[in-house]
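> can you look at this prediction? I've put the sequence above it.
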Amino acid sequence: MNASLQERILNVLTAVAPDIDAQQLAPDIALRDQVDFDSMDTLNFAIGLKREFGIEVPDAHLRELASIASCVKYLQARLPTPPA
């Protein structure tokens, strides 16, 4: 997993839900199963990702942001590839 990308995602997540201890989150387990993360938190998280990465997350794709690992996968597929 891309550690830098994961760290940026966790920063967005803790900006949305500052009471979350990001270091205690298991990357492959749904956020809603680990913390009190409701649909409004998910929407705010998607907005935060748009601000951080410049990637629009349509409502139909919100379920792809279920876990940290799925967020990384989702963003990797949409972010421009850095030049070699």
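Arrived safely.

> give me the neighbour count for residue 13.
24 (other C-beta atoms under 10 Å). For the C-beta atoms, the positions are set from N, CA and C on the backbone; glycine is no exception.

> work out for me the element it sits within.
helix 3-16 (DSSP states H and E).

> what do you get for residue 26?
Here residue 26 is assigned to no helix or strand, by DSSP H and E.

> count of neighbours near the residue lying closest to residue 35 once chain neighbours are set aside?
Computed as C-beta to C-beta, 6 or more residues apart in numbering, the closest residue to residue 35 that is not its neighbour in sequence is residue 20, at 5.2 Å. Using other C-beta under 10 Å, residue 20 has 18 neighbouring residues.

> quick one: residue 20 and residue 12 touch, right?
No: the criterion here is C-beta atoms under 8 Å, and residue 20 misses it with residue 12 at 11.1 Å.

> how far out from the middle of the chain is stretch 38-50?
9 Å (C-alpha atoms, centre = their mean, to the nearest Å).

> likewise for stretch 33-46?
Distance of stretch 33-46 from the chain centroid (C-alpha atoms, centre = their mean) equals 10 Å.

> contacts for it next, please.
12-13, 16-17, 20, 24-26, 31-32, 57, 62, 65 (C-beta atoms under 8 Å, 6 or more residues apart in numbering).
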